[in-house]
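K.L.:
any chance you can model this:
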Amino acid sequence: MAKIVLAGGSGHLGKLLIAHFVQNGDDVTVLSRRKNLIIHPKVKVVQWDSVVLGEWVSALESADALINLCGQSIQCRFTEKNKERLTNSRIIPTKLLAKAINSLTNPPKLWINFSGVSIFNGAKEIQDELGKEFSEDFLGKLCQKWEAAFWDSACINTQKIVLRISPVLSAKSGMFAELYPLTRYGLAGHVGSGKQFVSWIHETDFVNLVLWIISQVNKDAIYHACSPNPVTNAQFMRALRLASGKNFGLPLPVFMAKVGAYFKGVDPSLMLETVPVTTLLLPKNDFNFIFPYIHSSFEDLIKKLT
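P.N.:
Below is the predicted model:
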């Protein structure tokens, strides 16, 4: 039985992980800003404000793994106010966790800090864990600042790993859950040129990857939580239509994508920017993807809804 602590683990990705940790019989604690939160009968919830040290620090003592999922959703317009909120929600908790770790007698053995594959937004070539074609847009710089805050914190008795997350395809949340209903109305066509790359990972592989990282004896410093097979937006949407039994999807021109993003309250780059990211280290180290291809991933998720 392992002791696992999730900071900011009350969201969808946290709950995916929690379900498997509990099933494994692990001792699971979630650090949450919400008071009296109940996630699972076997999960302990400790309140923190993610800003200052407090009694919550003791929850990290002797942990086998700390997983930091903190960060406000990027599903918003990138106004100056939102940019500040998105940045602070990542940098401040990360620096605080480092202070907490350094105050402990028996700090966590492993610290996995989430980041995003959007660090490579707009890259001209497909990037793996060794890639350095970092983006100069807001999300790219945000990820770089987040990772810098993580690496700058000296935690000599805790192994540290960055896990760059791609969109996690899940039956009930996220990208797939938003796009799948559109297939019924013939609206699931490619966006813009359709040539922009989409990096992704099935929810099952996402969970298995985190478990796999924790179990590894010899760990690398950075992993990409994405399929080794990125696809273009046109390929992504076509696979979704075929898995849904639909032959037609009305394309969404750039202008209409920007209009739709405005009314949805998100930045249009989330639909239009290319994110050409893959993983080199996972296949090299024999991580077994259950759903390495987009077609089978969509088919599995649709089965879960029927």
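
K.L.:
low-scoring pLDDT stretches of this structure, where are they?
P.N.:
Applying pLDDT under 70 to the chain picks out no residues at all.

K.L.:
how about the most centrally placed residue in the chain: what's its closest non-neighbour residue?
P.N.:
Centroid check for the chain by C-alpha atoms, centre = their mean gives residue 165 as the closest residue, at 3.5 Å. Counting by C-beta to C-beta, 6 or more residues apart in numbering, the nearest residue to residue 165 once its immediate chain neighbours are dropped is residue 225, at 4.8 Å. For glycine as for every other residue, the C-beta is placed from the backbone atoms N, C-alpha and C.

K.L.:
surely that neighbour and residue 209 touch.
P.N.:
Yes - between residue 225 and residue 209 there is a contact under C-beta atoms under 8 Å: 5.6 Å.

K.L.:
more neighbours: which of these two?
P.N.:
Just comparing residue 225 and residue 209: by other C-beta atoms under 10 Å the higher neighbour count belongs to residue 225, 26 against 21.

K.L.:
separation between the more buried one and residue 287?
P.N.:
Using C-beta to C-beta, to the nearest Å, residue 225 is found at 11 Å from residue 287.

K.L.:
list the residues that contact both of the two?
P.N.:
Residues touching both residue 225 and residue 287 by C-beta atoms under 8 Å, 6 or more residues apart in numbering: residue 209.

K.L.:
can you give me the buried ones in the helix or strand harbouring residue 255?
P.N.:
Using DSSP states H and E, the element containing residue 255 is helix 254-264. If you call a residue buried by 16 or more other C-beta atoms under 10 Å, then helix 254-264 has these buried ones: 257, 258, 261.

K.L.:
and which of those is nearest residue 85?
P.N.:
residue 261 (18.4 Å; C-beta to C-beta).

K.L.:
now the closest one: closest residue in space, sequence neighbours ignored.
P.N.:
Going by C-beta to C-beta, 6+ apart, residue 261 has residue 268 as its nearest residue, at 4.0 Å.

K.L.:
coming back round to it: which neighbouring elements make contact with the helix or strand following the helix holding residue 255?
P.N.:
Later in the chain than helix 254-264, the nearest helix or strand by DSSP H and E is helix 269-272. Judged by 3 or more C-beta pairs under 8 Å, 6 or more residues apart in numbering; DSSP states H and E, the packing partners of helix 269-272 are helix 254-264.

K.L.:
tell me where the stretch 201-306 of the chain has helices.
P.N.:
Here the stretch 201-306 of the chain has its helices, by DSSP state H, counting those that start in this stretch, at 203-215, 233-243, 254-264, 269-272, 281-284, 294-305.

K.L.:
mind putting those into a markdown table with distance to residue 104?
P.N.:
Output for those, formatted as a markdown table (distance: least, C-beta to C-beta, whole Å):
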| stretch | distance to residue 104 |
| --- | --- |
| helix 203-215 | 19 |
| helix 233-243 | 44 |
| helix 254-264 | 43 |
| helix 269-272 | 38 |
| helix 281-284 | 29 |
| helix 294-305 | 40 |
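
K.L.:
among the ones you listed, which is nearest residue 141?
P.N.:
Evaluated with C-beta to C-beta, these place helix 269-272 nearest to residue 141, the distance being 12.8 Å.

K.L.:
what about the closest one, distance to the chain center?
P.N.:
Helix 269-272 sits 17 Å away from the centroid of its parent chain (C-alpha atoms, centre = their mean, to the nearest Å).

K.L.:
mind saving the C-alpha coords of it as PDB?
P.N.:
Taking C-alpha atoms only, helix 269-272 is exported to PDB below (Å, rounded to 0.1, in the frame of the first residue of the first chain):
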ATOM      1  CA  SER A 269      -6.000  29.400 -30.200                       C
ATOM      2  CA  LEU A 270      -7.400  26.400 -28.300                       C
ATOM      3  CA  MET A 271      -9.000  25.300 -31.600                       C
ATOM      4  CA  LEU A 272      -6.700  26.700 -34.200                       C
END
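
K.L.:
residues contacting that helix, please?
P.N.:
Helix 269-272 has contacts (C-beta under 8 Å, 6+ apart) with 74-75, 78, 121, 137, 139, 191-192, 196, 252, 254, 257-258, 260-261.

K.L.:
mind doing that once more with 7 Å?
P.N.:
In this structure, residues lying in contact with helix 269-272 by C-beta atoms under 7 Å, 6 or more residues apart in numbering are 137, 191, 192, 196, 254, 257, 261.
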